[in-house]
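Participant: Task: produce atomic coordinates for the following.
(chains A and B)
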Protein chains: 2
Amino acid sequence: MNGAEAVLKTLANAGVDVCFSNPGTSEMQMVAAFDREPRVRPVLTLFEGVATGAADGYARMAGRPASTLLHLGAGLANGSANLHNARRAFSPMVNIVGDHATDHRQHDAPLTSDIESQARPNSVWVKSADSPDTAAALAAEAVAASCGPPGGVATLILPGDTAWTEVADQKPPSPPLRRAPLPVSASAVHAAARALKAAAKPVLLLGSLATTETGLAAAGRIAATGVRILVDTFLARQPRGAGRFAPDKMMYFGEMALSDLAGIDLMVLVGTKTPVAFFAYPAMPSVLVPDGCTVETLSALHEDAAGALEMLADSLGAPKAPTVQAANLPAAPTGDLTPYSIGDSIARWMPEDAVVCDDAVTAGLPIYMQTRGARPHDWLFLTGGAIGQAIPLAIGAALAEPERKVLSLNGDGAAAYTVQGLWTMAREGLNVVTVIFANHAYRILNIELMRTRSGQAGPQAQRLLDLGDPRMDWVQIAQGFGVPAIRCSDAESFDTALARAIAGEGPMLIEAVLG
Amino acid sequence: MNGAEAVLKTLANAGVDVCFSNPGTSEMQMVAAFDREPRVRPVLTLFEGVATGAADGYARMAGRPASTLLHLGAGLANGSANLHNARRAFSPMVNIVGDHATDHRQHDAPLTSDIESQARPNSVWVKSADSPDTAAALAAEAVAASCGPPGGVATLILPGDTAWTEVADQKPPSPPLRRAPLPVSASAVHAAARALKAAAKPVLLLGSLATTETGLAAAGRIAATGVRILVDTFLARQPRGAGRFAPDKMMYFGEMALSDLAGIDLMVLVGTKTPVAFFAYPAMPSVLVPDGCTVETLSALHEDAAGALEMLADSLGAPKAPTVQAANLPAAPTGDLTPYSIGDSIARWMPEDAVVCDDAVTAGLPIYMQTRGARPHDWLFLTGGAIGQAIPLAIGAALAEPERKVLSLNGDGAAAYTVQGLWTMAREGLNVVTVIFANHAYRILNIELMRTRSGQAGPQAQRLLDLGDPRMDWVQIAQGFGVPAIRCSDAESFDTALARAIAGEGPMLIEAVLG
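Facilitator: Sure thing, here's the model as predicted:
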């Protein structure tokens, strides 16, 4: 058994059962090892950003790390935008980054680069296995580090000679799969309860670490006592739909958020940090807490937020049953195709346990609103703001949950970043319906141009925000990558197409032409 | 004038006349500034790796830096693989990376990341313009740093508040466009000449900094004295074809290179470093210098390699006229479509002053060989080994040289990385013929799997190197991005299609089906 196989078997022993891969020469030993370790399924992607985004989607749904296989610093860099999103989602993930053999590094061959510097910004753990006899132990350490709490990206650099050399210990370790977050103390819960009772207008703000099924159910119990529950704008995963508690959401634009929060005198943070504006704007505040509002923390990022919410609900004497959302399936939409009509169609046809991967940018919120009363489903958000996530995320979600239907919602600008992910959907026959919102523009930036007070857009600026010259033909692009596709321009045809796509098996793409 | 405009005007004053852009909210002031600074042409790309690769292609052809506009750390990361290639090509380039406003950074908003850590591995210069009043001076410093010698990537981080705040000094500086490399000393030239005369079997090894038109002409004079001239395997740019000196090329695989160099007792480096193998392999040497061979340096990376070659040619008493390649236009190829038949077609139809951007991987060398005697042209290589370069590079080359025909040669695996670059070709109406070598595999990795002694490929390994399930339809993909396309499966139809594409205006893609 060589170092590569020892690493792979260690991952398998830890329950890491998929590896999203973009290998090159320095990863050939890992590639060969897959045939000697059938517990890890290698999944080929055509670009590293697809691999890392897929690992993120897998982690969000499976609750355990996937691995990636990346080609030196350049491959890691290509995957880094979606690593950034994964970091913001606290997704556990183990990157295996091949490197030159240790004694080859000194020669500065063309592909040599500072891998650690590239890895550090998005990783909670970065080490290089410079000896075959440390490789398995470091792989175990990487898995443990990725599991947190909270979860994060662990990056193991694997030099070629470590990979190809026989290891002394032929029995790779079996690291524990996941460490539980620490429980919060009873005193912290009681303090929060006291503060909530004393406050005139309190809110609880829940982040990604709190919005599990049990966490939201407990929050729904607390809501029944009259405390307002908010969630962060972008969550790793939100179970929602009929029969589940439907919290309010922090508004994206800071001034709207502050207006919504006006008069709040207490904000209790649960598995999140003090809310801040996504971007800064001239003469606008960064921190989204009203003046005079006290901020308390119920559970920090490494603590058990869902457990804390249950304890808090009990402490407040909340009813056992949470406030829940009623079912509400809209009527068939007609007329113009809009994000609202598309939201209605999605709400109508999305089956129970569907998974929505949302990188729809300006179209996202209307669809989120329209699907409030849909059948129970999970919603995965763009956590880090690096667009080009929903195609990769859907790949990972579909592999983690092959029995569930996955919807990938993409702005046309966003989809262009990781478009080659469609090929992996076709290759693996994944149960994903991809919707492209073809508004032929970076629509959000037209809004941001005004908000940043950049002035009226002249022709040059306008052209930089425009995707309409030429229009991308998403049907041809999808078919070119092996995914059947259809174009819809009105609400009725979209509704019919979506129903058919959801009823079918395997991947399908719908280009929704918006104006 | 705000900080963004001051930066843009400084770039324009330095002769930086194009900006390959992927802006987001934090870059809106730069976007707006383009309408107030018409000397810089903004070119929109759909992915940052297209922007950076295009800036590299522009620099290689224009000999001066282009700029890019990138969105925080995630955008920079997306561009980093082609920054890596640019670094290895010594291409001057100025990245403008938008960042959060300086006082917003502390709040760790979703898009916050360590931009400098991402930038450092590929940049010769990284600074953040944290005050509007330093922005223009730092932009000037960035241009100067990028110009070297040798050239490199300079990364200027531009916080939102610097961009939107009025600057005190309303007259941006006019930095010098390019600093000349330092001349080598006469004594260094005479030492090299003496060593060459004393050696039994010497070679001169030229790198990217030496293979200018004048450098190669001087090398051709030296070749006429009986000294063998070699060039690095991957050069930023090589002027070649009929009437130009045709040096030998270092072989890609180390053992072949060493066999080719057997018996060499002196290697003189000109604008390059001691040659090393691209990858390390078990029990194979890294350094590609035969035992007993002395290595001398005629010109270091910051020195004038072409001037040094001219001085050396004179010192050796070389004839005034270089040894040159005779014209050799092959006959029309027939039968199976192969890299050799494609090379023949390219040699037949490529017009004078064509520019070839080569990311054809296994198909590249046969085409390079077949075009030795074609009309004079420039060949741009994959300098850093990060595939996904030829589509972006061609965009930049075509914008730098609108009157010249550009050929973009891509392995199908390589093209998938930056496929969305086709849209920019269509949008800008660029004079580029893109050829996709559709062998439906990462063919090179099948070779590397053996060379790394990874063993016989099992079914899992085989599948990770295979692109045939499903086959990508490059005609549909290209048309989807707005580029007309055609598929060819035999030598005759490719020859006809290429002739037509070259005769036409604007972009065209040919899918060359290889088996």
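Participant: Ends of stretch A:435-451, what's the gap?
Facilitator: 28 Å (Cα to Cα, to the nearest Å).
Participant: where do the strands sit along the stretch 1-150 of chain A?
Facilitator: Assigned strands in the stretch 1-150 of chain A, in chain order: A:18-21, A:41-44, A:66-71, A:93-99, A:125-128 (criterion: DSSP state E, counting those that start in this stretch).
Participant: Redo these as TSV? Include mean pLDDT and mean neighbour count.
Facilitator: C-beta: built from backbone N, CA, C; applies to glycine. Formatted as TSV, the strands of the stretch 1-150 of chain A follow (pLDDT from 0 to 100; neighbours: other Cβ atoms under 10 Å in any protein chain shown):
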stretch	mean pLDDT	mean neighbour count
strand A:18-21	98	26
strand A:41-44	98	21
strand A:66-71	98	30
strand A:93-99	98	29
strand A:125-128	98	20
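Participant: what about the strands in the stretch 401-515 of chain A?
Facilitator: So, for the stretch 401-515 of chain A - with DSSP E, counting those that start in this stretch - the strands run A:406-411, A:432-438, A:485-488, A:508-513.
Participant: now those strands in a markdown table, with mean pLDDT?
Facilitator: Shown next, in a markdown table, are the strands of the stretch 401-515 of chain A (pLDDT from 0 to 100):
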| stretch | mean pLDDT |
| --- | --- |
| strand A:406-411 | 98 |
| strand A:432-438 | 98 |
| strand A:485-488 | 98 |
| strand A:508-513 | 98 |
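Participant: Among the strands of the stretch 1-150 of chain A, single out whichever gets nearest to B:Ile436.
Facilitator: strand A:41-44 (18.3 Å; Cβ to Cβ).
Participant: Show me which positions of stretch A:210-221 end up buried.
Facilitator: A:Ala210, A:Thr211, A:Thr212, A:Gly215, A:Leu216, A:Ala217, A:Ala218, A:Ala219, A:Gly220, A:Arg221 (16 or more other Cβ atoms under 10 Å in any protein chain shown).
Participant: can you tell me which of these lies nearest to A:Leu301?
Facilitator: A:Ala210 (10.3 Å).
Participant: now A:Ala397, what's its secondary structure?
Facilitator: helix (DSSP: H, G, I helix; E, B strand; the rest coil).
Participant: before we move on, the earlier item: using TSV, lay out the strands of the stretch 401-515 of chain A together with distance to chain B and mean neighbour count.
Facilitator: Output for the strands of the stretch 401-515 of chain A, formatted as TSV (distance: least, Cβ to the nearest Cβ, whole Å; neighbours: other Cβ atoms under 10 Å in any protein chain shown):
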stretch	distance to chain B	mean neighbour count
strand A:406-411	12	30
strand A:432-438	11	28
strand A:485-488	10	21
strand A:508-513	10	26
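Participant: Make CSV from those and add distance to A:Leu230 to it.
Facilitator: As requested, those are exported to CSV (distance: least, Cβ to Cβ, whole Å):
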stretch, distance to A:Leu230
strand A:406-411, 23
strand A:432-438, 26
strand A:485-488, 35
strand A:508-513, 30
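Participant: before we move on, back to that, just put the strands of the stretch 1-150 of chain A in TSV and tack on distance to B:Asn95.
Facilitator: Shown next, in TSV, are those (distance: least, Cβ to Cβ, whole Å):
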stretch	distance to B:Asn95
strand A:18-21	28
strand A:41-44	31
strand A:66-71	22
strand A:93-99	23
strand A:125-128	24
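Participant: Please name whichever of these is nearest to B:Arg60.
Facilitator: strand A:66-71 (23.6 Å).
Participant: which bits of the stretch 101-250 of chain A sit near chain B?
Facilitator: A:101, A:103-104, A:107-111, A:113-114, A:117-118, A:120-122, A:160-161, A:164, A:234 (Cβ under 8 Å from any Cβ of the partner chain).
Participant: Between the strands of the stretch 401-515 of chain A, which one is closest to B:Phe437.
Facilitator: Of all these, it is strand A:485-488 that lies closest to B:Phe437, at 25.7 Å by Cβ to Cβ.
Participant: just checking, what packs against the helix or strand hosting A:Ser341?
Facilitator: Counting by DSSP states H and E, the element that carries A:Ser341 is helix A:339-349. Contacts defined by 3 or more Cβ pairs under 8 Å, 6 or more residues apart in numbering or on different chains; DSSP states H and E place helix A:339-349 against helix A:364-370, strand A:432-438, helix A:491-503.
Participant: Now find how far off-centre the next helix or strand after the first one is within its chain.
Facilitator: Beyond helix A:364-370 in the direction of the C-terminus, DSSP H and E gives the next helix or strand as strand A:377-380. Taking Cα atoms, centre = their mean, to the nearest Å, one finds the center of strand A:377-380 at 10 Å from the center of the full chain.
Participant: which outside residues touch strand A:377-380?
Facilitator: If you take Cβ atoms under 8 Å, 6 or more residues apart in numbering or on different chains as the criterion, strand A:377-380 is touched by A:57, A:60-61, A:235-241, A:350, A:352-358, A:368, A:371, A:393, A:397.
Participant: what about burial for the residues you listed, which qualify?
Facilitator: A:57, A:60-61, A:235-241, A:350, A:354-358, A:368, A:371, A:393, A:397.
Participant: Could you list every helix and strand that the lowest-mean-pLDDT helix or strand in chain A packs against?
Facilitator: Lowest on mean pLDDT, DSSP states H and E among the helices and strands of chain A sits helix A:443-451, with a mean of 87. Helix A:443-451 sits against helix B:28-33, with contacts defined as 3+ Cβ pairs under 8 Å, 6+ apart.
Participant: what about the helix it packs on, average pLDDT?
Facilitator: Taken as a whole, helix B:28-33 has an average pLDDT of 96.
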